[in-house]
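Visitor: Based on what follows, work out the 3D shape:
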Amino acid sequence: MSGPLSHLRVLDLSRIMAGPWASQILADLGADVIKVERPGVGDDTRAWGPPFLKDEAGKATSNSGYFLCVNRGKRSITLNLDSAEGQHIVRALAARSDVLLENYKVGTLQKFKLGPDELRAINPRLIYASVTGFGQTGPRSHQAAYDFMIQALGGLMSVTGERDDRAGGGPQKVGVPIVDLMTGMYTTVGILAALARREQTGRGDYIDIAMLDVQTAFLANQSMNFLLSGKPPARTGNSHPNIQPQDVFPCRDGYVALAVGNDGQFVNFCAAIERPELAQDARFAKNPDRVRNVAELTKIISTALQADTMQAWERKFSAAGVPCAPINKVPDVFEDPQVKHREMLRQVPHPLGGTVPQVVSPLRFTEAPLSFERAPPLLGQHTADVLRELGIDASAQANLQQRGVI
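Guide: Presented below is the predicted three-dimensional model:
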């Protein structure tokens, strides 16, 4: 492995999405990530399909697209944590690791004496990160959580979707598991901060991160709009609550997403649609005025843009320095020349033969370039190798397998 974290080992006891997203980021950065899974079953997401990866013969495997998108670069081992031997192996791995990541229900690992106090006593340099729905404390701390319910509980769905008085109105979830992904990102940031601090103190840390906390944090401008005005934000469809014009507008042959970010861009936009007088109109000259008079402005822009095609407007606005884009479908994204140039889609060799597509990390390093050579693992693919590194020979491994420990 290469990358700026190639000197680190991560013990990953997490599953589903938020924790594995964090550990995949660390794996992409070069860390040796050892993913611990349940014998015979593995991470829940292995079964979250279809679709499933097909082998060279075209037969569907047990590797779901969901699992494949979040477990690249890791080594998979199987361990039964209910067994004393399995717990002993976790302790041995934790003693050799820099980071431990887990998302068990509050108190579960403490029952096995695998909590942060126990493992950090063994390895004071260990950074132990717990990812849960609601955190380690509070009235909801023992409740289970998934991304969808946190989007609802945390207010995101109240500001996502079309207005109730329009077709398709009503609350909507975001089209990707955004709370899981953002929780994974915040977890990674926390781990990297703890690693930096360890360079100064020589000691690890314990990180308690909750999905609801993360969702509350990234309400961002919507929460501040409420806190300043006292008015609960409402769903506005694609229309931005603070910046205008920023919306989806109809053209002759489809729709474009227009994002005019400042008054200077608005002047250029008005010239591009051959309505320069709008930039001098007191209703629209400044952004606060445009926000207050958005209904009138939207009607004017919608009429103007229907005079030409998506491609024509994209060319005109690009030449004028006005951000604008067609609304691509997912296949279109991977055909975009910029995405192709940046090589965001790669084919990685897979142990079942052939390759598996991977949408890789967007991070680019000059001194420590990233590599994407290790595909999402098969269940228990690396158990023998990892146990051998702990000094557990083939005979002992066979005995553990026979007794259901691995």
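
Visitor: how does the chain divide into domains?
Guide: Listed by automatic domain parsing, the domain ranges of the chain are 9-217+340-402, 246-327.

Visitor: Return the most buried member of the ones you listed.
Guide: Greatest average neighbour count among the domains of the chain goes to domain 9-217+340-402 (a mean of 18), per mean count of other C-beta atoms under 10 Å. Every C-beta, even on glycine, is put in place using the N, C-alpha and C of the backbone.

Visitor: measure that one end to end?
Guide: Domain 9-217+340-402 stretches 28 Å from its first residue to its last (C-alpha to C-alpha, to the nearest Å).

Visitor: need the contact list for residue 28.
Guide: Residues near residue 28 by C-beta atoms under 8 Å, 6 or more residues apart in numbering: 3, 72-73, 360-361, 363, 370, 372.

Visitor: which among the residues you listed gets closest to residue 63?
Guide: residue 72 (11.9 Å; C-beta to C-beta).

Visitor: is it true that residue 294 touches residue 238?
Guide: No: Residue 294 sits out of contact with residue 238 when judged by C-beta atoms under 8 Å, with a separation of 12.0 Å.

Visitor: out of the domains of the chain, nearest to residue 229?
Guide: If we rank the domains of the chain by C-beta to C-beta, the stretch that ends up nearest is domain 246-327, at 12.5 Å.

Visitor: Endpoints of that closest one, how far apart?
Guide: 14 Å.

Visitor: now for the helix or strand residue 33 falls within, which elements pack on it?
Guide: Using DSSP states H and E, residue 33 sits in strand 32-37. On a contact count with 3 or more C-beta pairs under 8 Å, 6 or more residues apart in numbering; DSSP states H and E, strand 32-37 meets strand 9-13, helix 18-28, strand 74-78.

Visitor: Just tell me which of these ends up closest to residue 131.
Guide: Short answer: helix 18-28, nearest of the helices and strands packed on strand 32-37 by C-beta to C-beta, at 4.8 Å.

Visitor: Between strand 74-78 and that closest one, find me the angle.
Guide: Counting by axes from the mean of the first three to the mean of the last three C-alpha atoms, to 10 degrees, helix 18-28 lies at 130 degrees to strand 74-78.

Visitor: same question for helix 18-28, mean pLDDT?
Guide: Averaging pLDDT along helix 18-28 yields 98.

Visitor: And the residue nearest to residue 233 when sequence neighbours are not counted, which helix or strand is it part of?
Guide: Closest residue to residue 233 apart from its sequence neighbours, by C-beta to C-beta, 6 or more residues apart in numbering: residue 222 at 4.6 Å. Assignment of secondary structure by DSSP H and E places residue 222 within helix 220-229.

Visitor: Could you pull out the buried residues of that helix?
Guide: 222, 225 (16 or more other C-beta atoms under 10 Å).

Visitor: Partner strands of the helix or strand following that helix and their direction?
Guide: Where DSSP H and E defines the elements, the next helix or strand beyond helix 220-229 is strand 246-250. If you go by DSSP bridges, strand 246-250 pairs up with strand 255-259 (antiparallel).

Visitor: what does the strand it pairs with rub up against?
Guide: 238, 240, 243, 245-249, 269, 301, 305, 310, 313-314, 317, 322-327.

Visitor: just checking, next helix/strand downstream of it?
Guide: helix 263-272.

Visitor: Quick one: name whatever helix or strand follows that following helix.
Guide: Next along from helix 263-272, by DSSP H and E: helix 287-292.

Visitor: picking up where we left off before, could you save the domains of the chain as JSON lines and add columns showing distance to residue 227?
Guide: Formatted as JSON lines, the domains of the chain follow (distance: least, C-beta to C-beta, whole Å):
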{"stretch": "domain 9-217+340-402", "distance to residue 227": "12"}
{"stretch": "domain 246-327", "distance to residue 227": "18"}
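
Visitor: Tell me which of those lies nearest to residue 231.
Guide: Closest among the domains of the chain, using C-beta to C-beta: domain 9-217+340-402, at 12.3 Å.

Visitor: Tell me how far that closest one lies from the chain's centre.
Guide: Put simply, domain 9-217+340-402 sits 11 Å off its chain's centre (C-alpha atoms, centre = their mean, to the nearest Å).

Visitor: how about the nearest residue to residue 28, chain neighbours excluded?
Guide: The shortest distance from residue 28 to any non-neighbouring residue, by C-beta to C-beta, 6+ apart, is to residue 361 (4.1 Å).

Visitor: returning to that earlier point: quick one: mean pLDDT over the strand holding residue 33.
Guide: Per-residue scores along strand 32-37 average to 98.

Visitor: Name the residues that touch it?
Guide: With contact meaning C-beta under 8 Å, 6+ apart, strand 32-37 is reached by 1, 6, 8-13, 15, 20, 23-24, 26-27, 43, 71, 73-79, 81, 90, 93, 97, 377, 379-380, 382, 386.

Visitor: swap in stretch 19-27?
Guide: 5, 8, 10, 12-14, 33, 35, 43, 45, 70-74, 99, 101-103, 129, 131, 180-181, 183-185, 187-188, 191, 361, 374.

Visitor: Need the CA coordinates for it. CSV is fine.
Guide: Output of stretch 19-27 as CSV, limited to C-alpha atoms (Å, rounded to 0.1, in the frame of the first residue of the first chain):
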residue,chain,number,x,y,z
GLY,A,19,-18.1,3.4,10.1
PRO,A,20,-17.0,1.6,7.0
TRP,A,21,-17.0,4.8,5.0
ALA,A,22,-14.5,6.3,7.5
SER,A,23,-12.3,3.2,7.4
GLN,A,24,-12.4,3.2,3.5
ILE,A,25,-11.1,6.7,3.5
LEU,A,26,-8.3,5.6,5.8
ALA,A,27,-7.6,2.6,3.6
